[in-house]
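Participant: Build the 3D model from these lines:
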Amino acid sequence: QLQLVESGGGLAQPGGSLRLSCAASGLSMDHFGIGWFRQTPGKEREGVICISSNSDDTNNADSVKGRFTISRDTAKNTVYLHMNSLKPEDTAIYYCAADLGRGCGRRWLYLDEYDYWGQGTQVTVSS
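Facilitator: Modelled structure (predicted):
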C-alpha cells in the first residue's frame, strides 16, 4: 500500500508562490506516475499537473501553464508542486494522486486512472 501526505498549503498573496509536497510511504514513488488535482466547493476535482514515473514527461492544465511546475525527489520519495504567480482562482484544496505504472499519459486527467490519493492541503490566495 502507498500512503500519500500533502503539505505546504496555506495563505499566499496574489502573485506569490507556494511549494506543495506530496510525501509517500509504504512503497517507492518511482513506480508511479503522480498527478496533482484541486477542488473547490461545488465543483468537480480537476487535474493540475502530472509527472511520469521516470520523470520524462509532464503535462499540465492550460490554467496553470507557465506558472506551475512539478518535480520529483527520488531520495525523499516526494513529489513537489511549485506554484508561482498565484491567482485568487488557484484557491482550492490540492490533492496528489499516484497512478501505478508510467502514468501522465493521455488519460492523466481521469480520476479513475489513479490508485492512491492523499487527504489534501488547502491553498488560499488572497490579499
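Participant: Please give the element, helix or strand, for Asp81.
Facilitator: One thing to correct before we go on: residue 81 is Leu, not Asp. Following DSSP states H and E, one finds Leu81 within strand 78-83.
Participant: any idea of the mean pLDDT in that strand?
Facilitator: In this model, strand 78-83 carries a mean pLDDT of 98.
Participant: And for stretch 20-32?
Facilitator: Mean predicted lDDT for stretch 20-32 stands at 95.
Participant: List the buried residues of that stretch.
Facilitator: For stretch 20-32, the neighbour count (16 or more other CB atoms under 10 Å) marks 20-24, 29, 32 as buried. C-betas here are computed from N, CA, C, even on glycine.
Participant: Could you report the neighbour count for the nearest residue to Gly103 once chain neighbours are set aside?
Facilitator: In space, and not counting its chain neighbours, Gly103 is closest to Gly33: 1.3 Å by CB to CB, 6 or more residues apart in numbering. Counted with other CB atoms under 10 Å, the neighbours of Gly33 add up to 26.
Participant: Make 30 the first number, not 1, from now on.
Facilitator: Yes, from this point I'll number from 30; that puts the last item at Gly62.
Participant: Quick check: phi and psi on Gly62?
Facilitator: Dihedral angles of Gly62 (phi, psi; degrees, to the nearest 10) stand at phi -80, psi 140.
Participant: Run through the residues that contact it.
Facilitator: The contact partners of Gly62, by CB atoms under 8 Å, 6 or more residues apart in numbering, come to 79-82, 127-128, 130-134, 137.
Participant: what's in contact with the strand holding Leu110?
Facilitator: By CB under 8 Å, 6+ apart, strand 107-112 touches 41, 46-53, 58, 63, 65, 77-78, 80, 93, 96-102, 119, 123, 125, 152.
Participant: Render the CA-only coordinates of stretch 51-60 in CSV, please.
Facilitator: Extracted as CSV, the C-alpha positions of stretch 51-60 are listed here (Å, rounded to 0.1, in the frame of the first residue of the first chain):
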residue,chain,number,x,y,z
CYS,A,51,3.5,15.0,-1.6
ALA,A,52,5.4,12.6,0.6
ALA,A,53,4.9,8.9,0.1
SER,A,54,5.4,6.0,2.4
GLY,A,55,4.9,2.2,2.1
LEU,A,56,6.2,1.9,-1.4
SER,A,57,8.6,3.7,-3.7
MET,A,58,7.1,6.5,-5.8
ASP,A,59,9.4,5.5,-8.6
HIS,A,60,6.8,3.0,-9.8
